[in-house]
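**Q** need a 3D model of the following:
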Amino acid sequence: MEKARGDSVSRLAWSMGKFLSKGIFSILSVGSLPNHIAFIMDGNRRYEKMQNMARGAGHKAGYVALMKLLYYCYELGVKYVTVYGFSIDNFKRPPEDVDYLMGLVIKMIEELLKEGSIVSKYGIRLYIIGNLKLLSEPVRVAAERAMAATANNTKAALLICVAYTSYDEIVHALQESCMAKRMKLKH
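**A** Next up, the predicted model:
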């Protein structure tokens, strides 16, 4: 009897929360919204330490928070969201930290590709950008699979920056430009 009442209360609370969320979204969406929002995933380890959490729990908490933020963004009609998830500088961390974070990247990609995920619900196209050559093969394969699987989604976009820095991006763009110029001069 007590369990049934607890289940009823949980369902009621969930329904009320959903109703309030829809009301808040309706009010917020009346005003002008940005077309593009970016998030820098930083401070997960500091949060973990401050909360005396187990190793890796801060990154999991950051991931859960990110999923909630993505839901709110797409529910409100934001078309483009960029997440700066893993800088090239992060490769300087201890190998076990890098391996853990890369495992989290793979898990996130797999969850985003599941039926009923935020990606399928909102028609989101995934772009995983950065110097993908720096990633391990399993992460690179997961990234390529995700981009191919969502290539026909056109309602919104999620850009996930992995192995990325602005400096590397500028250098890469200059190298491509120089190569194109050389090819043009040869012909």
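**Q** which regions of the chain sit below the pLDDT cut-off?
**A** By pLDDT under 70, the low-scoring segments of the chain are 1-30.
**Q** tell me which stretches of it form helices.
**A** Secondary structure of the chain, counting by DSSP state H: helices at 2-28, 44-50, 57-76, 95-113, 118-122, 137-149, 166-186.
**Q** can you list contacts of the fifth one?
**A** The contact list for helix 118-122, computed with CB atoms under 8 Å, 6 or more residues apart in numbering, reads 67, 70-71, 74, 112-114, 124, 126, 150, 153, 155-156, 158. C-beta: built from backbone N, CA, C; applies to glycine.
**Q** in that helix, what counts as buried?
**A** 118-119, 122 (16 or more other CB atoms under 10 Å).
**Q** if we can go back for a sec, TSV for the helices of the chain, including distance to residue 131?
**A** What follows is the helices of the chain, written out as TSV (distance: least, CB to CB, whole Å):
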stretch	distance to residue 131
helix 2-28	37
helix 44-50	22
helix 57-76	21
helix 95-113	14
helix 118-122	24
helix 137-149	11
helix 166-186	6
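**Q** these: which one's closest to residue 37?
**A** Distance to residue 37, taken as CB to CB, is lowest for helix 57-76 among the helices of the chain, at 5.7 Å.
**Q** distance check, residue 72 against residue 43.
**A** For residue 72, the distance to residue 43 (CB to CB, to the nearest Å) stands at 19 Å.
**Q** residue 108 too?
**A** Distance, residue 108 to residue 43, by CB to CB: 18 Å.
**Q** also residue 67?
**A** Note on residue 67: its distance to residue 43, by CB to CB, is 17 Å.
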